[in-house]
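J.: Generate coordinates for the sequence data below:
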Amino acid sequence: MTAVLRLKITPNAPANAVLGETDGVIRLKIRAPAVDGKANAALVAFLAGALRVPNAAVSLQGGFRSRLKWVVVTGLDAAEARRRLLEIRVRRSDFKP
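T.: This next block holds a predicted model:
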């Protein structure tokens, strides 16, 4: 199984967060700055943790210097990967006053 995800990233955010999905693109905020590939590395680590897969299962395939990125996740299908990411968003929104 392999999932291909389209992501729109906002680097240099106060915290890592999943914002939601619009037109098939999942929006994320990443704490790391977009300098020397730091945001890309932080994105891979964040996705691996959020999707509960090893870092090696997440690979950036496109958008290396863009906010719009294509990521391949091995071991999950696209529906399960989306569900896991968007589940984080729901859990976080439960705690808002």
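J.: shouldn't residue 81 be in contact with residue 73?
T.: Yes. In this structure, residue 81 is within contact of residue 73 by CB atoms under 8 Å, at 5.2 Å. All C-beta atoms are positioned from the backbone trio N, CA, C, and that covers glycine.
J.: Return every residue with contacts to both of these two.
T.: 3, 5, 51 (CB atoms under 8 Å, 6 or more residues apart in numbering).
J.: could you dump those to TSV with secondary structure?
T.: Shown next, in TSV, are these (DSSP: H, G, I helix; E, B strand; the rest coil):
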residue	secondary structure
3	strand
5	strand
51	helix
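J.: which among those gets closest to residue 85?
T.: Closest approach to residue 85 among the shared contacts of residue 81 and residue 73 (CB to CB): residue 51, at 6.9 Å.
J.: does the residue nearest to the closest one when sequence neighbours are not counted sit in a helix, a strand or a coil?
T.: The shortest distance from residue 51 to any non-neighbouring residue, by CB to CB, 6 or more residues apart in numbering, is to residue 84 (5.1 Å). Under the three-state scheme (three-state DSSP), residue 84 adopts helix.
J.: Could you pull up the residues touching residue 84?
T.: 50-52, 76.
J.: List the contacts of the residue sitting nearest the centre point of the chain.
T.: Using CA atoms, centre = their mean, the residue of the chain that lies closest to the mean C-alpha position is residue 47, 4.8 Å off. With contact set as CB under 8 Å, 6+ apart, residue 47 has these partners: 58, 71, 73, 85.
J.: rerun at 10 Å
T.: Listed by CB atoms under 10 Å, 6 or more residues apart in numbering, the contact set of residue 47 reads 5, 7, 16, 18, 26, 28, 30, 53, 55, 57-60, 71, 73, 81, 84-85.
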